[in-house]
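Enquirer: Output the structure for:
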Amino acid sequence: MSQPKAMNLRFPDPAQRAAIEAAARQAGVSLQEYILSAAYDRATAVEARYLEAFRASMSRSGDAFTEGAGAADPSQERRAVELAARQEIEGQENRGHAA
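Expert: Sure, this is the predicted structure:
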């Protein structure tokens, strides 16, 4: 197995490199460690925002399904009326076939 390659830390802007090196020195870590931890912090922040938005979306969806549940599960009176109407329609159809 080949050895892993070191990170290529080239910066097109020398001022940017100097600022990052100064921040790494101030944090007491290597330049590579500073960049990797910054990338990790950024990725976890994005993940946290995504999960927060996902939870909010799930909550809104759950609320919508809860509101719609009343329409999907009608009351006993409504079911009785619908059943009576269905029986009446089926009764009319049966009488029509017998004639």
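
Enquirer: now Val29, what's its secondary structure?
Expert: coil (DSSP: H, G, I helix; E, B strand; the rest coil).

Enquirer: With the one 4 residues further on instead?
Expert: At Glu33 the chain is in helix, as set by three-state DSSP.

Enquirer: okay, and for the chain, where does confidence drop off?
Expert: Applying pLDDT under 70 to the chain picks out residues 1-7, 64, 66-74, 93-99.

Enquirer: Strands of that one, residue ranges please.
Expert: Taking DSSP state E, the chain contains no strands at all.

Enquirer: The most centrally placed residue in the chain and Tyr40: what is the separation?
Expert: In the chain, the centroid-proximal residue (Cα atoms, centre = their mean) is Phe54; its distance is 2.9 Å. Distance of Phe54 to Tyr40, given as Cβ to Cβ, to the nearest Å: 21 Å. Where C-beta positions appear, they are placed from N, C-alpha and C, glycine not excepted.
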